[in-house]
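Engineer: pasting the sequence and the predicted model now:
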Amino acid sequence: MTMQLMGQGGQTLQLDGSYRATRTSVLPEDFEYRGSYQLAASSGTIAASLSGNFFAMNMSDPTGILHLERISVQGFQVAASAALSIWQLQISKFWNSQVAEGAGAAGTAIFPTREQTYKRVTREARISHAPGYTSYAPVLFRIAAAAAIGAGTRELDPRPFGFVQTVMGIVANTPLFASGHSVDLYQWEPGMYPMIFQTNEGFIVTAPTAGPALATYILTFTVEWSEYDNFAAIPTT
């Protein structure tokens with residue numbers, strides 16, 4: 001029996017000519033949102049003997065919310081350690097962070113404009129500027145230079161929501177992670193409850209314990225996120 005399905009406007013459902021399967025297209029999800037963004041940043045050369053905070057992201061826009069989609073890290077060991085040693089990075093949420101804390105903190109502040117980070121923007125411009133800054137920066141970042149970034153005013157969640165472990169080796173100029181590629185600290189997938197940040201909330205990446213003496217390394221973080229007017233607009237499937 002032949003069956004034909006007609007859609008709105010008289011469109012006909014298409015079937016694969018060889019295997020008679022319905023045709024589907026894999027496309028990015030399209031929702032009412034402000035835009036999708038991506039940023040990558042590299043640290044300075046850090047001594048492995050340091051523990052502390054190395055990368056932070058802060059949502060400063062009081063009119064919207066941020067949906068964290070992915071954060072990955074890639075590392076390069078510059079100087080060798082004296083012995084093999086397990087080393088860990090972890091990622092935690094924080095809240096009640098003040099935007100102006102960057103003035104006295106260590107590390108490098110990053111105030112990206114919309115044009116520098118967008119993958120897709122659905123509005124002419126995002127609404128707010130970060131308080132105290134003239135650059136367009138609803139989302140703020142800070143990354144370690146040669147030392148950990150400051151503690152700031154953050155109220156830190158006592159339990160991390162992601163971590164990665166590796167072994168620092170005795171050979172210089174090698175990838176920090178065995179694959180040689182970036183490693184995800186967190187990645188959202190359809191069906192997962194979204195990781196949401198509102199005004200003065202965000203995440204921070206920390207080395208909770210000191211690594212081996214002598215070793216040094218460089219970290220590169222890549223963050224992907226989208227911004228929405230309200231929670232109801234965020235995809236959950």
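Structural biologist: Yes, it's here. Numbers count the residues shown, from 1 in each chain.
Engineer: show me where pLDDT drops low in the chain?
Structural biologist: Scanning the chain for pLDDT under 70 picks out the ranges 1-33, 96-105, 113-116, 118, 120-137, 232-233, 235-237.
Engineer: pull the longest strand from it.
Structural biologist: Scanning the chain for the strand with the most residues, using DSSP state E, yields strand 65-79.
Engineer: and the helices in the protein?
Structural biologist: Applying DSSP state H to the chain gives helices spanning 114-117.
Engineer: residue contacts, A144?
Structural biologist: For A144, the contact set (Cβ atoms under 8 Å, 6 or more residues apart in numbering) comprises 43-44, 46, 52-55, 106-108, 219. Heads up, the C-betas are built off the backbone N, CA and C, glycines and all.
Engineer: identify the residues contacting T222.
Structural biologist: By Cβ under 8 Å, 6+ apart, T222 lies in contact with 38-40, 70-74, 182.
Engineer: list only buried entries from the residues you listed.
Structural biologist: Applying 16 or more other Cβ atoms under 10 Å to those, the neighbour count classes 39, 70-74, 182 as buried.
Engineer: F161: which of these is nearest?
Structural biologist: F161 lies nearest to I71 out of those, by Cβ to Cβ, at 10.6 Å.
Engineer: so the closest one sits against S182, correct?
Structural biologist: No - between I71 and S182 there is no contact under Cβ atoms under 8 Å: 9.8 Å.
Engineer: just to revisit the earlier point, just the buried ones from the contacts of A144, in ChimeraX syntax?
Structural biologist: If you want just the buried ones from the contacts of A144 in ChimeraX, going by 16+ other Cβ under 10 Å, the selection is:
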select :43,46,52,53,54,55,107,108,219
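Engineer: among the contacts of A144, which are in strands?
Structural biologist: Per DSSP E, the contacts of A144 map to strands at 46, 52-55, 108, 219.
Engineer: pull the contacting residues for Q165.
Structural biologist: Listed by Cβ under 8 Å, 6+ apart, the contact set of Q165 reads 86-88.
Engineer: please apply the same query to F231.
Structural biologist: By Cβ under 8 Å, 6+ apart, the residues touching F231 are 65, 196.
Engineer: then I110?
Structural biologist: Each residue near I110 by Cβ under 8 Å, 6+ apart is listed here: 39, 41, 140-143.
Engineer: do that again at 7 Å, thanks
Structural biologist: By Cβ atoms under 7 Å, 6 or more residues apart in numbering, the contact set of I110 is 41, 141-143.
Engineer: equivalent analysis for M59, please.
Structural biologist: Contact analysis of M59 by Cβ under 7 Å, 6+ apart lists 66, 139, 197-199, 201-202.
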